[in-house]
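Chemist: need coordinates for the following:
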Amino acid sequence: MTEPILDIQGLTVAYGVPVVRGVDLRLEPGRVLALLGESGSGKSVTLRSIVGLTEREGARVSGRLRVMGRDVLAMDARARLDFRGREVGFIFQEPMTALDPVFRIGEQIAEVVVRHRGATWAEGQARARALFDLVQIPAAAQRLRAYPSELSGGLRQRAMIAIALACEPPLLLADEPTTALDATVQIQVLLLLRDLQRQLGTAVVFVTHDLGVAAEIADDVAVMYAGRIVEHGSAEQVLLAPAHPYTRALLGCVVRGGYREAPLVELAGSPPDLAALPPGCSFAPRCGLATARCTEAEPAPRRGEDGHMVACVEVVSA
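Modeler: Residues are numbered from 1 along each chain as shown. Here you go, the predicted structure:
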């Protein structure tokens, strides 16, 4: 079996209250995993825990979390500084808050290369120019001298991608990188990410609540609800033959061509309060298929012979 780039077992992250609860994930080299779910389901917290950002925020993190065989939770502060950028790249949702507003874009990219590769400043600047060409930013020489506020949202996101890929890390984490962009730019950035991932062979964890984005970019899909993975499998398994009622409900809310006269389907209710979870399955109060069994105990994950995992008491075939 191939050594995984990312190996997560029993990950729990608590800010007083657990917001990620016993997550298991495994990502092979060169594959793209989409993390799906409503806002507040734990997707971004899971992603941030991989690079140690949650502990900086005061969270308690436990479980097993390894990247390329290295125990991330055992790293000290210095080791994590070396780890971020060199072995793991991170694309934040809003580049305007992630980029430093007082430094030029080219300087911020060059700094990453100098810090992690021991390059000279001139080599870092040359790498920045090459990355701007890679992420298809026009007039690269001019844009490298610009400040973040002087670029459009789409160009800032491309610059954010360039920084994340500066040292060609084997693992790339993307936290809803197209959410803040308009529809046309979203498609451009999404296609760019997919092409770069295939070109560089990078493994990617892509957080999104957009099922269309997941279908476009993902090899595998994991669906989160109330801090747990409730369904996990290949993109074809999860998106074309969903087994968990929550996944089915999400897919039922998607607007498709040819259904102009059909009423919109909505997922009734709201995600549960993590400080006061209902007994049994957390989705049971919103689930149209719930029975008395669903409130007895939280369902354990069950994995079929094809690798398709579902955490549901009453799993119904598609």
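Chemist: any stretches of the stretch 1-150 of the chain with poor pLDDT?
Modeler: Confidence mapping of the stretch 1-150 of the chain against pLDDT under 70 gives the ranges 1-2.
Chemist: how about the helices in it?
Modeler: Ranges of helices in the stretch 1-150 of the chain, per DSSP state H, counting those that start in this stretch, are 43-50, 53-56, 77-86, 95-98, 105-117, 121-134, 140-144.
Chemist: just those: most buried one?
Modeler: Between these, the one whose residues have the most neighbours on average, counting mean count of other C-beta atoms under 10 Å, is helix 43-50 (a mean of 24). Every C-beta, even on glycine, is put in place using the N, C-alpha and C of the backbone.
Chemist: returning to that earlier point: now that we have the helices of the stretch 1-150 of the chain, can you turn them into TSV and tack on distance to Pro242?
Modeler: Output for those, formatted as TSV (distance: least, C-beta to C-beta, whole Å):
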stretch	distance to Pro242
helix 43-50	17
helix 53-56	29
helix 77-86	35
helix 95-98	32
helix 105-117	39
helix 121-134	36
helix 140-144	42
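Chemist: phi, psi for the spatially most central residue of the chain please.
Modeler: Taking C-alpha atoms, centre = their mean, the centroid of the chain lies closest to Val207, which sits 2.7 Å from it. Dihedral pair for Val207: phi -90, psi 130, per degrees, to the nearest 10.
Chemist: mind listing what it touches?
Modeler: When the contact criterion is C-beta atoms under 8 Å, 6 or more residues apart in numbering, the partners of Val207 are Ala34, Leu35, Lys43, Ser44, Thr46, Leu47, Leu173, Ala174, Asp175, Glu176.
Chemist: just give the closest residue to the fourth one, not the sequence neighbours.
Modeler: In this structure, Ser44 finds its nearest non-sequential neighbour in Asp175, 5.4 Å apart by C-beta to C-beta, 6 or more residues apart in numbering.
Chemist: for that neighbour, what are phi and psi?
Modeler: phi -100, psi 90.
Chemist: neighbours of it, just the number please.
Modeler: Other residues within reach of Asp175, judged by other C-beta atoms under 10 Å, total 21.
Chemist: that one contacts Pro95, doesn't it?
Modeler: No. With contact defined as C-beta atoms under 8 Å, Asp175 does not count as touching Pro95 (11.0 Å).
Chemist: what do the two both touch?
Modeler: Taking C-beta under 8 Å, 6+ apart as the contact criterion, no residue touches both Asp175 and Pro95.
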